[in-house]
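S.K.: need a 3D model of the following:
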Amino acid sequence: MGMKAVNGGVCAAEGFMASAAAAGIRKHGRDDMAMIFSEKPCVTAGTFTSNVVKAAPVQWDKKVIASGAAVQAVVVNSGIANACTGEEGMQACEAEAKAVSDGFGGAVPASSVLVSSTGVIGLQMPMDKVKDGITELVPKLSHDEASATAASKAIMTTDTKNKEFAVEFTLSGKTVHLGGMTKGSGMIHPRMCTMLCFLTTDAAISKEMLQKALSSDIVDTYNMISVDGDTSTNDTCVILANGLAGNTEITAEGEAFDTFCRALHTVNETLAKRMAADGEGASHLFEVKVVSAKSKDEARTLARSVVSSTLTKAAIYGRDANWGRILCAMGYSGAQFDPDKVRLYFVNDIGKIEVYKDGTPIAFDEDFAKEILSHEEVTALIEMHEGDETATAWGCDLTHEYVDINSAYRS
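M.R.: Purely as a prediction, here's the structure:
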């Protein structure tokens, strides 16, 4: 059996449950807390923000994962980030983990609970509301698809769409699932946004190989998206593996590990693109594909520079095939290349148009270019003609609405 997309998000894998609750942390009277629970303790891996200012939940989760503890529950809130909150913020994480443990009658130790937050920086957690939310979340846990979807909606902040995806594949003759949910719409420029990602799998895999798979894959997925150039204080991507699929445990590189990595990449790339497309105020998913570069790092550097360029993003919003802004962003990226070898195209489902060739502007049909740029998804294809390496980055256009959202975020 090959790989296929399935429903269920974080509940697609055997043994995983989810729930959502309205704890009143946000003003809107909507679900603002979520929980993921595994019937069996999980091998866990994670990657986190590179921002020097790390939110309390990031510090908590890094410690839990580094300890090697088998994780069984994750609790998430939206509305407050618990960032820049000092010792009180760390105490809040501990209190949350203990409240989850208490909710399971002590059967789940606090040391195996991950905590995650997203929202406004600099506010302390309203612990009475959080604890009441946890009390509500535990009995609501369910394996069903609706619970996974509710959880994916509860973690949203300025997102307009929830983001969940899962796949089914085979390892050593056993059917295996890997699914996840993400949130992230603004402050998205991960260098592992505010990006939160929770992945679940019933695959049997060692902690070392799980971490290896995750760390290597985020480089070409979540680290290749940018909405606004801001690397958040709360970026978190964790994966839980409970082994309930019953496959032969993956403990080394080889065919099984490669299959697992392909499944992980499919889920991560899908969720990454959905985050980029749902960037705050976005009207376009903007993809930048660099091909025939002399090194992988150079291809990534160039693609990220172009997709992050404010002037390019504004041109995409205006349906303006302003290739000069793309060349400019390539030039200040830090990558060394020969502009006289570069060819640049805009392309999507309706066609492809070349706008720059071998160091020289070329005449092109502006109306056709505008038509290409009027569609929801548009790709800038950049041919370097210097090697064999490729990289793709995803972002969105810069709109008036982005400014509106972020000028009144706290009010």
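S.K.: look up the closest residue to Cys237, ignoring the ones flanking it.
M.R.: Sequence neighbours aside, Cys197 is the residue nearest to Cys237 in space, at 4.0 Å (criterion: CB to CB, 6 or more residues apart in numbering). The C-beta positions use only the backbone N, C-alpha and C, and glycine is treated the same way.
S.K.: likewise for Ala329?
M.R.: Once flanking residues are discounted, Ala329 sits nearest to Ser309: 3.8 Å by CB to CB, 6+ apart.
S.K.: and the gap between the residue nearest to Cys237 and His375?
M.R.: Counting by CB to CB, to the nearest Å, the gap between Cys197 and His375 amounts to 28 Å.
S.K.: out of the two, which sits in the busier spot?
M.R.: Cys197 (31 against 14; other CB atoms under 10 Å).
S.K.: tell me what Tyr345 is bridged to.
M.R.: Residues in a beta bridge with Tyr345, per DSSP bridges, are Glu354, Leu381.
S.K.: for burial, what's the neighbour tally of it?
M.R.: Look at Tyr345: counted by other CB under 10 Å, it has 21 neighbours.
S.K.: one more: the one 5 residues further on?
M.R.: A total of 11 residues lie near Ile350 under the criterion other CB under 10 Å.
S.K.: cool, and Asp367?
M.R.: Counted with other CB under 10 Å, Asp367 comes out at 7.
S.K.: return the set of buried residues in the one helix or strand it maps to.
M.R.: According to DSSP states H and E, Asp367 maps onto helix 366-373. Across helix 366-373, burial judged by 16 or more other CB atoms under 10 Å covers 369, 372-373.
S.K.: sorry, back to before: look up how far Ala393 lies from the residue nearest to Ala329.
M.R.: Note on Ser309: its distance to Ala393, by CB to CB, is 11 Å.
S.K.: pick out whichever of those two has more residues nearby.
M.R.: Neighbours were counted for Ser309 and for Ala393 using other CB under 10 Å; Ala393 has more, 27 against 24.
S.K.: following the chain onward from the helix or strand the more buried one falls within, which element is next?
M.R.: Using DSSP H and E, Ala393 sits in strand 389-396. Next helix or strand after strand 389-396 toward the C-terminus (DSSP H and E): helix 400-407.
S.K.: just want the angle from that following helix to strand 389-396.
M.R.: Per axes from the mean of the first three to the mean of the last three CA atoms, to 10 degrees, the angle that helix 400-407 makes with strand 389-396 is 70 degrees.
S.K.: packing partners for helix 400-407?
M.R.: Helices and strands touching helix 400-407, by 3 or more CB pairs under 8 Å, 6 or more residues apart in numbering; DSSP states H and E: there are none.
S.K.: buried residues in that helix?
M.R.: Residues Tyr402 are the ones in helix 400-407 that count as buried (16+ other CB under 10 Å).
S.K.: which secondary structure elements does whichever strand in the chain runs longest sit against?
M.R.: Assignment by DSSP state E gives strand 33-48 as the longest strand of the chain. With contacts taken as 3+ CB pairs under 8 Å, 6+ apart, strand 33-48 sits against strand 16-21, helix 56-67, strand 71-80, helix 127-140, helix 145-154, strand 196-201, helix 207-218, strand 236-241.
S.K.: mind putting the ones you listed into TSV with mean pLDDT and distance to Thr170?
M.R.: Putting these into TSV (pLDDT from 0 to 100; distance: least, CB to CB, whole Å) gives the following:
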stretch	mean pLDDT	distance to Thr170
strand 16-21	98	19
helix 56-67	96	28
strand 71-80	96	25
helix 127-140	98	32
helix 145-154	97	22
strand 196-201	96	13
helix 207-218	97	17
strand 236-241	96	16
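S.K.: quick one: closest of the ones you listed to Asp102.
M.R.: Ranking those by proximity to Asp102 (CB to CB) places helix 127-140 first, at 8.3 Å.
S.K.: using PDB, list the CA coordinates for the closest one.
M.R.: Output of helix 127-140 as PDB, limited to C-alpha atoms (Å, rounded to 0.1, in the frame of the first residue of the first chain):
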ATOM      1  CA  MET A 127      -4.700  30.000  36.300                       C
ATOM      2  CA  ASP A 128      -8.300  29.600  37.800                       C
ATOM      3  CA  LYS A 129      -9.700  29.600  34.200                       C
ATOM      4  CA  VAL A 130      -6.900  27.400  32.900                       C
ATOM      5  CA  LYS A 131      -7.500  24.800  35.700                       C
ATOM      6  CA  ASP A 132     -11.300  24.900  35.100                       C
ATOM      7  CA  GLY A 133     -10.600  24.400  31.400                       C
ATOM      8  CA  ILE A 134      -8.400  21.300  32.100                       C
ATOM      9  CA  THR A 135     -11.100  19.900  34.300                       C
ATOM     10  CA  GLU A 136     -13.500  20.200  31.400                       C
ATOM     11  CA  LEU A 137     -11.000  18.900  28.800                       C
ATOM     12  CA  VAL A 138     -10.200  15.500  30.400                       C
ATOM     13  CA  PRO A 139     -13.700  13.900  30.400                       C
ATOM     14  CA  LYS A 140     -14.400  15.300  26.800                       C
END
